[in-house]
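[1] Here's a sequence, model it:
(2 chains)
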Amino acid sequence: MGTEHITQPPSTAAASGGTADRRTTGAAQRFVALLTGRPVSLYAVSVMRAGYGMLYLVFLLREFPHRHEIWGPGSPWTPALAEQLFAQTGWNSILTLSDSPAYFELCYVTALFTSALFMLGWRTRAMSVLFAIVVTSFHARAIFMTDGGDNLILLMAVYLVFTACGRRWSLDARRNRLKTARAGDDPERARRFASPRLRQARSTLTTVVHNCGIFVMAAEVCFLYGSAGLYKVQGASWVGGTALHYVLNLELFQPWPALSHLADDYAVLIAVASYATVLLQVAFPFVLFGRLKYPVLAMLLGMHVGIAVVMGLPLFSGAMIVADAVFLPDRFYTSLAHLCRRATRRTGASRPVSRGPGSGSVPQQGRTGLPGSRQRAASPRT
Amino acid sequence: MALCLATTLTHVVLVFLHVAPPNAVSKRYGPQINAWVYPLFEQNWRLFAPDPDSVNRRILARTARTAPDGATQVSSWVDLTAVDNSAVKHNVFPSHTTQNLLRRAWTSYVDTHGADDRTDSDRAVMMQKYLRNIAADRVAAHDQGATFGFIQLRVLTLPVAAQGAAAGNRPPTPAEERLLPWWKVTPRGN
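    As a prediction, the model looks like this:
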């Protein structure tokens, strides 16, 4: 997890040298301080917000020509079948509230706007609730058309509701920064709650819920890789190192048959990649607490890019890559932003005035992102 | 805070038990685990595990209609999977309708029906209707404006040849061919 260790209060630091009893109280205090002190991994969770918002937006737009077949009232999974299944499973969806085609188009457009605004971090907490409702509704309506990637997006959309995912690299952060700057010397104007006590309680509550949410998301990703790896160990083809040969020969996951066949011709490559896949997945939960996590995350990134291209599963791979982002610490993202800014400044210096199409290729975070330290100081602490 | 912590830990433990293989704990507390996890947190990460599919399925459909003179006219077979495969080819972002729709409908049908085609549960009836609707839509789209009263599916299972076995573009011989019964195509609404 991207947890930066908080500075220990002097009292807990003093307890570390005492008896076992005092040591446990010290550990407990430190745990409480970590849980309630400040929201951890604010950058990581903002990247996940932007990532899943963007993925869902792209997914909805990609399926625009097929939207009626997947979610509409004319789908082969008819509204009646969907409702019959909901009665059995307890699911629900806003899409089955009416069979009218106009209502469906309204839902679809709402989903587009919700995903876009969630990605940008506009009124993020409210948008996160709407986004979760949209994702569960669309997922449930087409449950027999979903795959692992959709499943992961659904879970993360629900978990993100509990996190403060709009504090960094978002329109909300920008607005708060401007507001505080305008308030200037009179900080009272920027405050919403009259009672400092109430404000404090609210801040602690959001922090605790946020930190718990981050923990659950991290645990979820560990379960995902752990079980994906351990179930593979039981399969003869993974044990024999030939599994990827079969994967490469699935016609529905062969957008570039020449590429698949070319890779398939190298039996040694197939064996090495099969073993590496299993090893990476099984090792994942165990390397997270050391520096080893960086090479492992980099290799997983490579694996997912490979899956996206070779198997034609960009949505699935994207969902996995965004989930991995939860494990990168805030300082990774701040230095990344720093690098981006420096690179843009350098290209900006060579072309002094033009902010033409070149600036469009800069990641979305780069545009709204200002120096992390300034942002942190300026954003409200609630 | 305690409530939040307790919920978090409960959630993580129950999701773990849901994801883990069946064991003494998950058997004993099965109802509680299911009540918590379903439907929202259902998940299955057996991605290509324990083994990836070693077969390609090819689903074909043909239709029948009764002519005005009372004779039955049967169409030729339409290869629905070939349509999906060609839509995937050279596509950087294939649609769920080509990669997942028919594929998952068929696996769900097999899950609820087993080897024969008797529908003996609610879910089996639902999956049969779903598969029939997909096939009817696909055939109608393929032969524009075709009208028919009945539809039949044929599913070929083509095994992927073992590694190193007779390389080249050999057409694999079907190991299994399954012919489904004729289904009546009714107007939508059920």
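[2] buried sites along stretch B:1-18?
    The neighbour-count check on stretch B:1-18 (16 or more other Cβ atoms under 10 Å in any protein chain shown) flags B:Cys4, B:Leu5, B:Thr8, B:His11, B:Val12, B:Leu14, B:Val15, B:Phe16, B:Leu17, B:His18 as buried. The way it works is simple: take the backbone N, C-alpha and C, and place the C-beta from them, glycine included.
[3] Could you do stretch B:103-121 as well?
    For stretch B:103-121, a neighbour-count test (16+ other Cβ under 10 Å) marks B:Arg103, B:Arg104, B:Ala105, B:Trp106, B:Ser108, B:Tyr109, B:Thr112, B:His113, B:Thr119 as buried.
[4] how long is it end to end?
    One end of stretch B:103-121 to the other measures 21 Å (Cα to Cα, to the nearest Å).
[5] next one: stretch B:28-43
    End-to-end distance (Cα to Cα), stretch B:28-43: 20 Å.
[6] Kindly list the longest helix within chain A.
    Using DSSP state H to define each element, chain A has its longest helix at helix A:196-233.
[7] With chain B instead?
    In chain B, taking DSSP H as the definition, the longest helix is helix B:122-142.
[8] Please compute how far that helix lies from its chain's middle.
    11 Å (Cα atoms, centre = their mean, to the nearest Å).
[9] So is that helix next to chain A?
    Yes - with Cβ under 8 Å from any Cβ of the partner chain as the criterion, chain A is reached by helix B:122-142 at B:Asp122, B:Arg123, B:Met126, B:Lys129, B:Tyr130, B:Asn133, B:Ile134, B:Ala136, B:Asp137.
[10] what does the stretch 251-382 of chain A have sitting close to chain B?
    Residues of the stretch 251-382 of chain A lying near chain B (Cβ under 8 Å from any Cβ): A:251-257, A:265, A:267, A:270, A:309, A:312-315.
[11] So which of the residues you listed belong to strands?
    Among these, DSSP state E puts none in strands.
[12] Give me the buried entries from the residues you listed.
    Those of those that meet the buried threshold are A:Glu251, A:Leu252, A:Phe253, A:Gln254, A:Pro255, A:Trp256, A:Pro257, A:Ile270, A:Gly312, A:Leu313, A:Pro314, A:Leu315, by 16+ other Cβ under 10 Å.
[13] Pull the most distant pair out of these.
    A:Ile270 and A:Leu315 (24.9 Å; Cβ to Cβ).
[14] which residues of chain B score low on pLDDT?
    B:165-174, B:188-190 (pLDDT under 70).
[15] and the biggest strand by length in it with chain A, contact?
    Ranked by number of residues, the top strand in chain B under DSSP E is strand B:55-66. Yes - for strand B:55-66, a contact with chain A is found by Cβ under 8 Å from any Cβ, at B:Asn56.
[16] Can you list the strands that the helix or strand that that strand is followed by pairs with?
    Moving toward the C-terminus from strand B:55-66, the next helix or strand (DSSP states H and E) is strand B:72-74. When pairing is defined by DSSP bridges, strand B:72-74 lines up against strand B:55-66 (antiparallel).
[17] Which neighbouring elements make contact with the longest helix of chain B?
    Applying 3 or more Cβ pairs under 8 Å, 6 or more residues apart in numbering or on different chains; DSSP states H and E, one finds that helix B:122-142 contacts helix A:79-89, strand B:55-66, strand B:78-79, helix B:80-88, helix B:102-113, strand B:150-159.
[18] Show me what counts as buried in stretch B:176-186.
    Buried residues in stretch B:176-186 (16+ other Cβ under 10 Å): B:Leu180, B:Trp183, B:Val185.
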